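Q: Below: sequence and its predicted model.
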Amino acid sequence: MNAGQDPIAPFRGRLLGLAYRMLGSRADADDVLQDAYLRIRDAAGIANPEAYLVTTVTRLCIDRLKSAQVRRETYIGPWLPEPILDAEAMSPHTALELAEDLSFALMLVLERLSPPERAAFLLHDIFDVGFAEIAAVLDRSEPSCRQLASRARRAVKAHRPATPVPIEQQGALLASFASAVSNGDVAALMAVLREDAILLSDGGGFKLTALNPILGADRIARYFVGSMRKFAGRGPVLRHQPRMINGALGVVSYLGDVLDQVLSLHIEGDRIAAIYIVRNPHKLAHLRG
């Protein structure tokens, strides 16, 4: 390798996308890529740098997931992935069905899988890696890796909407949702929510959020309206900015110039099926730079 050459640069988007999907954390994904950089920098005689890096990143992620699972057992309130605004920077550059899906809904399904299931599914179904290579990465037999990916695939399909929602429809629902919240209109909020909708809010014990999932359109609508009334006139007014969050339309909110929260919607058909709110400041730190 030439002096000063970054061996990861040609594959950075692919590797970052893999690490983020494995870990649900942009900060941890960046750390994994730094560890991988140090390993390949100090290695010699690597015939296929991309294969070496994919193997290294996957194994580093699996190691991190073992300790992450222990930490999440004591996590305060619901755990959500770190939101990202630059989903296009994490593209695997494949034409596979789920290649561009970085939604919170999919990330939460991945979180329920075992680390080997997650790795086998991501490598094969999103990053188009063959099972022979996956077997080498995971140090398992090829049939075992096929079974891991198959179990993961069934779990993913059971939790994904049949048809992606066009951005125009996302925008219309987001506008209706925002208008109903700002007007304190419970009925209008319920009209844009599925009856079985769910709200998950992640403050990590650092910011005030609902410590348990809120289920049902009526309870979610009353939660938002009640929160608006409770905090009306108390301090700075939240300033909201529509943004693409994990590849879907959402809202980034500021108190003055300080990033306060990120809200993402999961839409199925013509209604909102889930609302995800991240307020944990550690999960928003990478968005403040």
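A: Yep, that arrived. Computed from a predicted structure; not experimentally measured.

Q: Off-centre distance for stretch 23-38?
A: On the basis of Cα atoms, centre = their mean, to the nearest Å, stretch 23-38 is displaced by 15 Å from the centre of the chain it belongs to.

Q: Please apply the same query to stretch 221-233.
A: Relative to the centre of its chain, stretch 221-233 is centred 27 Å away, using Cα atoms, centre = their mean.

Q: Show me what it is in contact with.
A: Stretch 221-233 is contacted from outside by 180-182, 184-187, 189-190, 193, 199, 210, 214, using Cβ atoms under 8 Å, 6 or more residues apart in numbering. Heads up, the C-betas are built off the backbone N, CA and C, glycines and all.

Q: Stretch 264-281 too?
A: Under Cβ under 8 Å, 6+ apart, the answer for stretch 264-281 is 80, 82-83, 103-105, 161, 165, 169-170, 173-174, 177, 192-194, 196-204, 206-209, 220, 245-246, 248-250, 260-263, 284.

Q: Can you say which of these are buried?
A: 80, 82-83, 103-105, 165, 170, 173-174, 177, 192-194, 197-204, 207, 209, 220, 245-246, 248-250, 260-263, 284 (16 or more other Cβ atoms under 10 Å).

Q: So which of the contacts of stretch 221-233 belong to strands?
A: Judged by DSSP state E, those include 193, 199, 214 as members of strands.

Q: Surely the second one and Asn212 touch.
A: No: between Leu199 and Asn212 there is no contact under Cβ atoms under 8 Å: 9.9 Å.

Q: For the stretch 51-200 of the chain, which segments count as helices?
A: 104-112, 115-121, 131-138, 142-158, 167-183, 186-192 (DSSP state H, counting those that start in this stretch).

Q: Tell me which of those sits nearest to His93.
A: In terms of Cβ to Cβ, the element of those nearest to His93 is helix 131-138, at 16.7 Å.
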